[in-house]
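1. okay, predicted coordinates and the sequence, questions at the end:
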Amino acid sequence: MGNTQAKTPETCKNMILGAHVSTSGGLHNAITNGDKLHCDTIQIFLRNPNRWVAKPPIPAVMDKFRDAWTASAIGEVIVHDIHLSNLASPKTEVLEKSRQQFQEQMELADTLGLRYIVTHLGAHLGEGEEPGLKLLSESFDFLFENIEAPDVTVLLETTAGQGTNLGYCFEHLRDVISMSKYPDRFGVCLDTCHVFAAGYDLRTEADCEATFNQFDEVIGLARLKAFHLNDAKSTYQSRVDRHEHIGDGNIGATAFAYILNDSRFTEIPLIIETPQMETMHETNLATLRGLRV
């Protein structure tokens, strides 16, 4: 579906850059919004991220999306899970709702031909990290065994670690994957703001080298399937998730130049989630393109 395999060698050489874009007015509008920004890739919500229940798009809307995507230069279209989701919740009602909505999103993604869904690891809410990670892995096993979405890969997103949130260290992601009966169904999405706030430095080239070496040792770079490129309004090791415009935050431009010019990341979608989507995405993408050597 779409143009996932249609990128030319020249485009790939220039990295795969894109943004989280709005689907307001219909899923197909996400493609239009991405095209206006000259995106190679986009990320979208398939439903309102702040509601548990949502009506699925009607067939005509899905057809419009497919047609727009086929006609577009955009390759990968990545789904982001809703904000309410907590697949590690010790609260039965929340856990059941999280599993239900995640199932619906995976099945819709599969129907639309979307192969990646990004999700945070959730929060243990005081029950402890080890039980939380175990329950999270069990949630994914339950989903993989009970839904028809064989071509959808779950991308575990690194987190800043606010409150009792899981996923602030690479070992958490490794453990969820290794505990699962279906490790091949997982990849990782690395958010630069989140890892920086969690305590993985990126401010110099040496810092970047150390952080990605550590990622490779703990998880393996082969698992890295997407980036969220966000500067940080929050400070190093603050465990606070606050995104900033590229080059204007506490990470600075060096990290983004490092990622954009590293051949290991040539085929990996690089997606911004920076503030003020409607007015500043174009500026942030231009800043990133200007960092290419």
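-> On my side now, so go ahead.

2. can you pull out the strands in the stretch 151-293 of the chain?
-> 153-157, 186-191, 224-229, 231-232, 243-244, 269-272 (DSSP state E, counting those that start in this stretch).

3. and those: which comes nearest Val61?
-> strand 269-272 (23.0 Å; CB to CB). To be clear about C-beta, it is placed using only N, CA and C from the backbone, and glycine gets the same treatment.

4. who does the closest one touch, helix- and strand-wise?
-> Here strand 269-272 touches strand 16-20, strand 41-44, strand 224-229, helix 277-289, going by 3 or more CB pairs under 8 Å, 6 or more residues apart in numbering; DSSP states H and E.

5. just name the most buried of the strands of the stretch 151-293 of the chain.
-> strand 231-232 (a mean of 28; mean count of other CB atoms under 10 Å).

6. let's check: the centremost residue of the chain is which one?
-> Val118 (4.2 Å; CA atoms, centre = their mean).

7. any chance of the helices and strands packed on strand 269-272 in CSV, with mean pLDDT and distance to His80 too?
-> Below are the helices and strands packed on strand 269-272 laid out as CSV (pLDDT from 0 to 100; distance: least, CB to CB, whole Å):
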stretch, mean pLDDT, distance to His80
strand 16-20, 98, 7
strand 41-44, 98, 6
strand 224-229, 98, 9
helix 277-289, 97, 13
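
8. quick one: closest of these to Ala257.
-> helix 277-289 (9.0 Å).

9. got the buried residues for the closest one?
-> Neighbour counts over helix 277-289 (16 or more other CB atoms under 10 Å) mark Met277, His281, Asn284, Leu285, Thr287, Leu288 as buried.

10. distance of the third one from Met106?
-> Just to be clear, that refers to Asn284. 29 Å (CB to CB, to the nearest Å).

11. then Tyr116?
-> With CB to CB as the criterion, Tyr116 and Met106 are 11 Å apart.
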